[in-house]
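# Just the structure for this:
(2 chains)
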Number of protein chains: 2
Amino acid sequence: MYSKIIAEIKGLDKEVMELTSKRLDSLIKPIGSLGRLEELAIQISGITGKVKNKINKKCTVVMSADNGICESGVSACPQAITLMQTLNFTKGIAGINVLSKHGNSDVRIVDIGINGETMHPQIINRKIRKGTSNMLKGSAMTTEEAVRAIEVGIEIVNALAKEGYELGTGEMGIGNTSTSSAILMALTGCSAETAVGKGAGLTDEDYENKKRIIKTCIEINNINTEDALDVLSKVGGFDIAGLVGCYLGAAYNRLPIVIDGFISAAAALVAYKLNPTTREYMIPSHESAEPGYRLLMKELGLEPIFKLNMRLGEGTGCPLAFNVIDAALAVVNNMATFEEAALEGDFLVDIR
Amino acid sequence: MYSKIIAEIKGLDKEVMELTSKRLDSLIKPIGSLGRLEELAIQISGITGKVKNKINKKCTVVMSADNGICESGVSACPQAITLMQTLNFTKGIAGINVLSKHGNSDVRIVDIGINGETMHPQIINRKIRKGTSNMLKGSAMTTEEAVRAIEVGIEIVNALAKEGYELGTGEMGIGNTSTSSAILMALTGCSAETAVGKGAGLTDEDYENKKRIIKTCIEINNINTEDALDVLSKVGGFDIAGLVGCYLGAAYNRLPIVIDGFISAAAALVAYKLNPTTREYMIPSHESAEPGYRLLMKELGLEPIFKLNMRLGEGTGCPLAFNVIDAALAVVNNMATFEEAALEGDFLVDIR
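Numbering: from 1, shown residues only, chains lettered A, B, ... in the order given. Next up, the predicted model:
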């Protein structure tokens, strides 16, 4: 299924994008003066195949999983937080819940590899294993597990696609800034200084240690850096693999998908390496405070919408981006053209 | 009235800001991980004097006026556009209307100096004069006119304050990127290359001409650059003066006020020079595509929320920013503290 999905992804509808672009140029404003809003509206029309769009349903998919690397001390937080915070998501009290409610959007929580039991009606149980293996001692997961985790993401998106959702990507997994940095270093060859940040709050000493550990993980795992699946399975995590599947599934199902922060962007880069066309469906949200984020965007050729200095994860940037996308669609749908404005009143002066 | 308002502006409530900051640190997330959202929530609480806030009413005030400098050919657009587009605002079909409706916010349209008649129930007629004088030949307005235009802004905000509005600033006035650039150059001593952009779409030749003209305006007007009111009256516009009044009025009435793009930011800098405390009430929206915007923000010590490459004006960035501010308030109001999360379930692990 994984290979079939990757093979069948198609690009955007360029003809409709051209029509939307023409409509935007006919609206009562200087050409291009709504900048990124116009680009977003054109992108969405290329995704849906329609000039005018309205997206009623939005959902951030949160992939929760644990990372074996945590036993080597890369995080300021104990591993148990992954389970605890994932359960908090079911109570509607965490950042992603509050921002999603504010943005009138939904949250789907997936246990794709938490080290613990999460029997809860609101948590989709697609656990691959109780956390990855420690990538400092060998591959984090097998290739087969990586593919299965990707397929979890695809299947979740396939189900949401039937309901017509716009998607967002979120994650919860102590240690996942380390796996994201490792993926970034393996796929781009950049230094640990560029790729590694202080995560949720490391001391300077622990930060030096984190960089050393991630460098070693890459050295000992004999990675084929030309093969994104090999990178993902050796130094990735189940949460990231699940998100890779979400990006593939979004492109396959022709749905827009918002990238949250650093970890979501690392998953986006893996998806892009598996099939570059996936990028056409991606919309970055905010510029994460993690230092590797800028390079990930550069590799993807994307620019974030917000500069909010956020570094929470969970998908918290997605509901904020959904609102800007809706605003962009409202411009196409509801602003008048010069011709319409002339019919409305006594004036027709072309300000283009 | 003008002097009294400036004298009576008070700063934010630091004690309540401290309480809000403490509450944010107690929420189930790593300390500071919601970045700018946390700063916005703290700022709003300092403005209102309450830790938890909900803003129901938002309004973008659009100041429309004409600029005498247009006769010297600084704009790609004919002056009649100011009147035409202001009338379009009453029809609900322009960018600011569509984005305001999307963001559930209002628009107040003020004719503070349009070169034409605007008898319309939705346009507040506070016309100082039918456009400023050509600042290439002398002062754009008298000091007395500048004060009157500022007082128009103050009075509009005073009226809105009774209804409890959060404010945004917008403008319509062909030629007002020239006045904004002139203000920026006069107040900071920066070069025309730094301060002047291509506005709504000038050719390279016209752009060189625009820079030359603005430089000359500053040279011939014998400006006291230490006196923001002198700068405003000699090389400003009625729209900008009205917005200066909005910032003063917002600070006086303790209301948050969003800065839209380049022109709104130039007005913000004048208000800041008249009373630096006004800055504490300002919230920038998007990084305008006009080149002088970055320097204005640097002078104000502010950072925009969005990077959208917009350059429409009208206040179009404000409704987008209102949504982010609401999101920030929702975080304070609705996220659980570690203690509350523990009461809700079986888990208490402190992830700070």
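# The residue sitting nearest the centre point of chain A bridge partners, please.
For chain A, A:I259 is the residue whose C-alpha lies nearest the centre (C-alpha atoms, centre = their mean; 2.9 Å). A:I259 has the following beta-bridge partners by DSSP bridges: A:P284.
# how close does it get to chain B?
Distance, A:I259 to chain B, by C-beta to the nearest C-beta, to the nearest Å: 15 Å. Heads up, the C-betas are built off the backbone N, CA and C, glycines and all.
# what does A:A330 give?
4 Å.
# a helix runs through that residue, doesn't it?
Yes: judged by DSSP: H, G, I helix; E, B strand; the rest coil, A:A330 forms part of a helix.
# show me the residues around the nearest residue to it once chain neighbours are set aside that make contact.
Nearest residue to A:A330 in three dimensions, chain neighbours excluded: B:H102, at 4.3 Å (C-beta to C-beta, 6 or more residues apart in numbering or on different chains). Listed by C-beta atoms under 8 Å, 6 or more residues apart in numbering or on different chains, the contact set of B:H102 reads A:D326, A:A327, A:A330, B:P319.
# Filter those down to the ones in helices?
A:D326, A:A327, A:A330, B:P319 (DSSP state H).
# between these, which is closest to A:N275?
A:D326 (27.6 Å; C-beta to C-beta).
# tell me which element A:K4 is part of?
Secondary structure from DSSP states H and E places A:K4 in helix A:2-8.
# who touches whatever helix or strand A:L295 lives in?
Following DSSP H and E, one finds A:L295 within helix A:293-300. Contact partners of helix A:293-300, identified using C-beta under 8 Å, 6+ apart, comprise A:184, A:187-188, A:190, A:194-195, A:261-262, A:265-266, A:268-269, A:272, A:279, A:282, A:284, A:287, A:303-304.
# again, only this time at 7 Å
For helix A:293-300, contacts defined as C-beta atoms under 7 Å, 6 or more residues apart in numbering or on different chains pick out A:184, A:188, A:190, A:194, A:261-262, A:265-266, A:268-269, A:272, A:279, A:284, A:287, A:303-304.
# ok, which pair from these is furthest apart?
Farthest apart among those - using C-beta to C-beta - are A:T194 and A:R279, which lie 21.2 Å from each other.
# what about those two, which has more around it?
For A:T194 versus A:R279, neighbours defined as other C-beta atoms under 10 Å in any protein chain shown are more numerous around A:R279 (18 against 15).
# Of the contacts of helix A:293-300, grab the buried ones for ChimeraX.
To isolate the buried subset of those in ChimeraX, counting by 16 or more other C-beta atoms under 10 Å in any protein chain shown, use the following:
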select /A:184,188,190,261,262,265,266,268,269,272,279,284,287,304
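# right, and out of the contacts of helix A:293-300, which lies closest to A:A341?
A:E303 (31.4 Å).
# The closest one looks like it's in a strand, true?
No: counting by three-state DSSP, one finds A:E303 to be coil, located in no strand.
# Now do the same contact list for it.
The contact partners of A:E303, taken as C-beta under 7 Å, 6+ apart, are A:P284, A:M297, B:K307.
# Let me know the closest of the residues you listed to A:G73.
Nearest to A:G73 among the contacts of A:E303 is A:M297, at 29.2 Å by C-beta to C-beta.
# Quick check: the gap between that closest one and A:A241.
21 Å (C-beta to C-beta, to the nearest Å).
# A:R294 now?
Distance from A:R294 to A:A241, by C-beta to C-beta: 24 Å.
# neighbour-wise, which of the two wins?
Of the pair A:R294 and A:A241, A:A241 is the one with more neighbours under other C-beta under 10 Å, namely 32 against 15.
# nearest spatial neighbour of that one, skipping sequence neighbours?
Distances taken as C-beta to C-beta, 6+ apart put A:A149 closest to A:A241, at 3.4 Å, once the chain neighbours are dropped.
# helix or strand for the one you found, which one?
Residue-wise, A:A149 maps onto helix A:143-162 under DSSP H and E.
# Let me see the ranges of the strands in chain A.
Assigned by DSSP state E, the strands in chain A fall at A:57-65, A:106-113, A:123-125, A:165-172, A:257-259, A:282-284.
# Pull the distance from the longest one to the chain's centre.
Centre-to-centre, strand A:57-65 and its host chain are 10 Å apart (C-alpha atoms, centre = their mean, to the nearest Å).
# Show me what counts as buried in that strand.
By 16+ other C-beta under 10 Å, the buried positions in strand A:57-65 come out as A:K58, A:C59, A:T60, A:V61, A:V62, A:M63, A:S64, A:A65.
# Which neighbours in the sheet does that strand have, and how are they oriented?
strand A:106-113 (parallel), strand A:165-172 (parallel).
# Using neighbour counts, pick out the buried residues of the last one.
Neighbour-count burial for strand A:165-172, with 16+ other C-beta under 10 Å as criterion, is recorded at A:Y165, A:E166, A:L167, A:G168, A:T169, A:G170, A:E171, A:M172.
# Could you tell me which residues of the stretch 251-352 of chain A lie near chain B?
Proximity of the stretch 251-352 of chain A to chain B, by C-beta under 7 Å from any C-beta of the partner chain, involves residues A:289, A:303-312, A:320, A:323-324, A:326-327, A:330-331, A:334-336, A:341, A:344-345, A:347, A:349, A:351.
# From these, keep the buried residues only.
Counted by 16+ other C-beta under 10 Å, those give A:289, A:304-312, A:320, A:323-324, A:326-327, A:330-331, A:334-336, A:341, A:351 as buried.
# Report all helices and strands that the helix-or-strand element of chain A with minimal mean pLDDT contacts.
Lowest by mean pLDDT, DSSP states H and E among the helices and strands of chain A is helix A:338-344, with a mean of 81. The helices and strands touching helix A:338-344, judged by 3 or more C-beta pairs under 7 Å, 6 or more residues apart in numbering or on different chains; DSSP states H and E, number zero.
# got the buried residues for that helix?
By neighbour count with 16+ other C-beta under 10 Å, helix A:338-344 contains the buried residues A:F338, A:A341, A:A342.
# how far does that helix sit from the chain's center?
41 Å.
# Number of residues surrounding the residue lying closest to A:G168 once chain neighbours are set aside?
Nearest in space to A:G168, with sequence neighbours left out and distances taken as C-beta to C-beta, 6+ apart, is A:C318 at 2.7 Å. Here the number of neighbours of A:C318 (other C-beta under 10 Å) works out to 33.
# Do I have it right that A:C318 meets A:V62?
No: using C-beta atoms under 7 Å, A:C318 is not in contact with A:V62, being 9.6 Å away.
# quick one on the thing from earlier: dump the strands paired with strand A:57-65 into JSON lines; add mean pLDDT and distance to A:Y247 as well.
Formatted as JSON lines, the strands paired with strand A:57-65 follow (pLDDT from 0 to 100; distance: least, C-beta to C-beta, whole Å):
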{"stretch": "strand A:106-113", "mean pLDDT": "98", "distance to A:Y247": "15"}
{"stretch": "strand A:165-172", "mean pLDDT": "98", "distance to A:Y247": "7"}
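# No further queries at this time; thank you.
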